[in-house]
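# my questions concern the predicted model and sequence given below.
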Amino acid sequence: MNVTKTREQIKLIIAANDQADVPIDELLGNASTIAGYMVYLQAEEAKAHRAYLMAYNSRKVAEAEYHRKNVTKGLKIGEASNLAIEQCKGYRNAEADYEAEWKDCQTFRIVVLEYLDTLRQRISWLKKEFDNQNNQA
């Protein structure tokens, strides 16, 4: 399953839960389904974080190598550093893309976690309402 499909599935479940007349057993099932997706989302976030760290490391290594080459060519240290940064623009762009993907995964996971917490509170409240109705009858 890919991340986009997982996100769409979660969004569909959330939209279905927003109706006022959803039975409690369906809410419980949906909460369990979302909790299962959370495992997958966490794994995807970890992969995205690793990809970002690899891009960061690649950029740092490339900058150090360009810096060394620039100093060897006779540039002053400050000039060599500035030129190395400029020469690694592609690495920096790739790093930014990976970081954005990681942060996107992280943010979505956090939002879903907060929704899941809210859903659990709603289920708890509905159970309490149900118990109160049964005690009054």
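Yep, it's here.

# show me the shaky parts of this protein.
When residues are selected by pLDDT under 70, those of the chain lie in 1, 137.

# geometric centre of the protein: which residue is closest?
Cys105 (1.7 Å; C-alpha atoms, centre = their mean).

# state the distance from that one to Asp25.
Note on Cys105: its distance to Asp25, by C-beta to C-beta, to the nearest Å, is 31 Å. All C-beta spots, glycine's among them, are computed from the backbone N, C-alpha and C.

# re the thing from before, what's the helix or strand for the residue nearest to the centre of the chain?
Cys105 belongs to helix 89-136 when assigned by DSSP states H and E.

# how far does that helix sit from its chain's centre?
Offset of helix 89-136 from its chain centre (C-alpha atoms, centre = their mean, to the nearest Å): 10 Å.

# and if you look at stretch 69-88?
Remark: stretch 69-88 is offset 36 Å from the chain centroid, using C-alpha atoms, centre = their mean.

# list the buried residues of it.
Under the neighbour-count criterion of 16 or more other C-beta atoms under 10 Å, stretch 69-88 has Asn70, Val71, Leu75, Ala80, Ser81, Leu83, Ala84, Gln87, Cys88 buried.

# which residue comes closest to the fourth one once chain neighbours are left out?
Distance criterion C-beta to C-beta, 6 or more residues apart in numbering; nearest residue to Ala80, sequence neighbours excluded, is Asn70 at 3.6 Å.
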